[in-house]
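K.L.:
Just the structure for this:
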Amino acid sequence: MTSDRILYIVVPCYNEEEALPLSAPVFRQKLEQLCPKGRIVLVDDGSSDSTWRIISELHERDAHFSGLRLKQNRGHQNALTAGLMWSRFRCDAAVSIDADLQDDINAMDGMWAAYLDGTDVVCGVRASRATDTFLKRTTARGYYTLMRLLGSDLIYDHADYRLMDTGALEKLAHYREDDLFLRGLVKRIGSRIETVSYDRRAREAGESKYTLKKMLKLAMKGFVCGRLKPQPEPRGELDPYIGEVLHCEKL
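P.N.:
Now for the predicted structure:
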């Protein structure tokens, strides 16, 4: 399934000192299978633990790992956006995935295959919520119902596990506001979309960063994002909040 096109795997990280040592080798193995010349871009969202030290050590040992360090904690969506916008100048397609390995890494095979067949955006969609608690399942269904009532055209049970080619990323770059609700923009940019289903796993290490308060905040962002308009000029390569970059242009 390899090709001469370049894949970047973009991973937002906030206080992931427990998860990264487990997930980084898994990301690396998957990259080797799909695109040996690609990169894994680890975006440190102002962590207060040893996350950046781990990212730096990964980069020193293996140039396939790149690192972006934000000057302060700005939240998951901002960190992910910064990583995607930086990556779009260097890759043909980028897959966004969280550091905790809950999203099935093997679903990336189907995303990459669909992209090579001509799809612009491939969204990972949960096949079930069997690993969720009753409360989590109930609040999730209510969340999607509320979002649709508020006018957000979301893909059901899709979060931020997706592949976007550089054309789609360039369209996304014209939404220049901070704290974008990325999953709420997927259908709005006008790219060809497919979905890949997968089973979500239990978190292997660390704790979930999405508290109830953050979920409610995310819902409000979805409402606001549904009314955003693309701007004439796209975002630049480097987010102003990126304080440090670790990257080797050539392997």
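
K.L.:
can we go C-alpha only for contacts and neighbour counts from here?
P.N.:
OK.

K.L.:
which element is Ser197 on?
P.N.:
In this assignment (DSSP states H and E), Ser197 forms part of strand 193-198.

K.L.:
so how far is that strand from its chain's centroid?
P.N.:
In terms of CA atoms, centre = their mean, to the nearest Å, the centre of strand 193-198 is found 15 Å from the chain centre.

K.L.:
Give me the sheet partners of it and which way each runs.
P.N.:
The pairing partners recorded for strand 193-198 under DSSP bridges are strand 121-126 (parallel).

K.L.:
going on from the helix or strand of the chain with the lowest mean pLDDT, what's the next piece of helix or strand?
P.N.:
In the chain, the helix or strand scored least confidently by mean pLDDT, DSSP states H and E is helix 134-149, which has a mean of 60. Going down the chain from helix 134-149, the next helix or strand is strand 162-165, by DSSP H and E.

K.L.:
Now do that following strand: which elements does it pack against?
P.N.:
Secondary-structure packing of strand 162-165 (3 or more CA pairs under 8 Å, 6 or more residues apart in numbering; DSSP states H and E): strand 93-96, helix 107-116, strand 121-126.

K.L.:
Same list (the ones you listed) but as JSON lines, adding mean neighbour count and mean pLDDT.
P.N.:
What follows is the helices and strands packed on strand 162-165, written out as JSON lines (neighbours: other CA atoms under 10 Å; pLDDT from 0 to 100):
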{"stretch": "strand 93-96", "mean neighbour count": "25", "mean pLDDT": "98"}
{"stretch": "helix 107-116", "mean neighbour count": "19", "mean pLDDT": "98"}
{"stretch": "strand 121-126", "mean neighbour count": "25", "mean pLDDT": "96"}
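
K.L.:
Now tabulate the ones you listed in CSV and tack on distance to Tyr175.
P.N.:
CSV is the format used below for these (distance: least, CA to CA, whole Å):
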stretch, distance to Tyr175
strand 93-96, 18
helix 107-116, 23
strand 121-126, 17
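
K.L.:
Please identify which of the ones you listed is closest to His64.
P.N.:
Taking CA to CA, strand 93-96 is the member of these nearest to His64, at 14.1 Å.

K.L.:
So which elements touch that closest one?
P.N.:
Contact here means 3+ CA pairs under 8 Å, 6+ apart; on that basis strand 93-96 packs against strand 7-13, helix 76-87, strand 162-165.

K.L.:
how about those, which one is nearest Tyr115?
P.N.:
strand 162-165 (7.6 Å).

K.L.:
Off-centre distance for that closest one?
P.N.:
Worked out by CA atoms, centre = their mean, strand 162-165 lies 9 Å from the chain centre.

K.L.:
Following it in sequence, what is the next regular element?
P.N.:
Next along the chain after strand 162-165, taking DSSP H and E as the criterion, comes helix 166-172.

K.L.:
and the residue nearest to the spatial centre of the chain, what does it touch?
P.N.:
Taking CA atoms, centre = their mean, the centroid of the chain lies closest to Ser96, which sits 2.7 Å from it. Taking CA atoms under 8 Å, 6 or more residues apart in numbering, we find Ser96 in contact with 9-11, 80, 84, 160-163.

K.L.:
Who does it form a beta bridge with?
P.N.:
Val10, Arg162.

K.L.:
before we move on, back to that, I'd like the helices and strands packed on strand 93-96 as CSV, with mean neighbour count, mean pLDDT and distance to Gln29 appended.
P.N.:
As requested, these are exported to CSV (neighbours: other CA atoms under 10 Å; pLDDT from 0 to 100; distance: least, CA to CA, whole Å):
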stretch, mean neighbour count, mean pLDDT, distance to Gln29
strand 7-13, 27, 98, 12
helix 76-87, 24, 97, 20
strand 162-165, 26, 98, 18
